[in-house]
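# give me the fold of what follows.
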Amino acid sequence: MNLQEKWFAVVNPNSANGRTRNEWPVFYQKILSAGLNVDYSYTSSHGNGIDLTRKALSQGYKRIIAVGGDGTVNEVINGLFVNDRKATEGLELAILGNGTGSDFIRTYKSSNNIDHFINSLKDNCFFKSDVGKVTFQNRQGKKECRYFLNAANIGIGAEIVNHVNKRSKALGSKLTYFTGTIATIFRYNNISTSLILDNIKFLEGIYCGLVICNGQYIGGGMHIAPQAKTNDGFFDLVVIDDISRLRLLSQFPLIYKGRHINLPEINIYRCQTISLVTTEATILEADGEILGFSPSEFSILPQCLSIRI
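Below you'll find the model as predicted:
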């Protein structure tokens with residue numbers, strides 16, 4: 001079979017708190033039994049998904065499956081794109097969400113059931129999605145860029161992800177992020193930030209958090225941007241104003257139903273580019289991965305990737 005017609009799966013065995021290591025062999029046999037042709041490799045370390053994806057493309061594969069959470073998808077995305085373009089034409093990405101968060105697929109209310117996933121591969125069901133790009137300061141103090149599919153965070157959201165990533169996720173997505181949020185609120189201080197949106201609109205102030213959304217969900221099911229669309233060529237920038245800890249704690253449950261958007265401390269802007277500066281270096285998170293620090297610049301690549309879920 002021509003490799004361009006064959007799928008290659010990048011599998012993170014540590015996703016879902018390690019459950020994927022045991023579940024993937026069962027999934028794989030079901031995929032083969034359905035008559036689909038798939039090769040795969042396990043990721044061996046943080047960031048290895050980028051290398052595995054690039055290697056698969058160099059061998060001639062054009063159909064890539066990301067098996068894991070949003071972080072695994074992020075690594076695959078960064079293997080697919082070079083200089084704001086797909087590494088080769090005709091690429092397809094399929095996502096078998098099997099991670100603690102797996103928030104991107106929630107926007108499509110998609111099940112992570114293996115039978116549903118197999119049907120999406122067989123029925124040729126795909127959609128076009130935007131991809132975000134962020135330029136930031138890496139840990140060595142140099143400029144670096146990274147692509148993301150779901151959302152990026154500066155402020156409390158990034159601090160929550162940083163807290164969660166350093167601990168066990170055995171409680172599952174909702175409880176893991178909920179307890180991580182509560183723990184983070186008590187030690188977090190709001191940040192002084194300046195932003196320019198689409199080179200026109202200027203914002204400046206003290207903010208609790210800034211969430212740059214392509215998808216609607218973050219943090220294991222928090223409905224942060226209910227009106228975001230992954231194919232409209234815009235970010236939904238959710239700005240959380242200088243809210244007190246007590247107020248944040250009392251209103252936090254609203255985020256799971258998307259009702260927080262009616263609070264006076266929440267503002268949402270639709271934009272294509274964002275330039276962001278903080279008075280102090282502040283950690284940046286994208287798709288559940290801590291990337292580096294502010295200052296940051298964001299831009300969107302519209303409808304540039306075919307995706308199946």
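
# Phe8: which element?
Assigned by DSSP states H and E, Phe8 belongs to strand 7-11.

# and that strand, what does it pack against?
Strand 7-11 sits against helix 19-33, strand 38-42, helix 48-59, strand 63-68, helix 70-80, with contacts defined as 3 or more C-beta pairs under 8 Å, 6 or more residues apart in numbering; DSSP states H and E. Backbone N, C-alpha and C define where each C-beta goes, glycine included.

# now that strand: average pLDDT?
Looking at strand 7-11 alone, the average pLDDT works out to 98.

# centre of the chain to it, how far?
Its chain's C-alpha centre and that of strand 7-11 lie 18 Å apart, by C-alpha atoms, centre = their mean, to the nearest Å.

# ok, it: who's next to it in the sheet?
Within its sheet, and counting by DSSP bridges, strand 7-11 is paired with strand 38-42 (parallel), strand 63-68 (parallel).

# can you put these in a markdown table and add mean neighbour count?
Formatted as a markdown table, those follow (neighbours: other C-beta atoms under 10 Å):
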| stretch | mean neighbour count |
| --- | --- |
| strand 38-42 | 16 |
| strand 63-68 | 26 |
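
# Asn150: which of these is closest?
Asn150 lies closest, by C-beta to C-beta, to one member of the strands paired with strand 7-11: strand 63-68, at 12.0 Å.

# how big is the angle separating the closest one from helix 48-59?
Relative orientation of strand 63-68 and helix 48-59, computed by axes from the mean of the first three to the mean of the last three C-alpha atoms, to 10 degrees: 170 degrees.

# can you list the residues that contact strand 63-68?
With contacts defined as C-beta atoms under 8 Å, 6 or more residues apart in numbering, strand 63-68 is touched by 4-12, 15-16, 20, 24, 27, 38, 40, 43, 49, 53, 56-57, 72-73, 75-76, 79-80, 91-96, 98-99.

# hmm, 6 Å instead?
With contact meaning C-beta atoms under 6 Å, 6 or more residues apart in numbering, strand 63-68 is reached by 7-12, 15, 53, 72-73, 76, 92-96, 98-99.

# and for stretch 149-166?
Stretch 149-166 is touched from outside by 70, 73, 77, 103-104, 134, 176, 180-181, 184, 188, 191, 208-215, 218, 282-288, 290, with contacts defined as C-beta under 6 Å, 6+ apart.

# for that stretch, list every residue counted as buried.
Residues of stretch 149-166 classed as buried: 149-161, 163-165 (neighbour count, 16 or more other C-beta atoms under 10 Å).

# what is the end-to-end distance of it?
Chord length of stretch 149-166, first to last residue, is 22 Å (C-alpha to C-alpha, to the nearest Å).

# do stretch 110-125 as well
End-to-end distance of stretch 110-125 (C-alpha to C-alpha): 12 Å.
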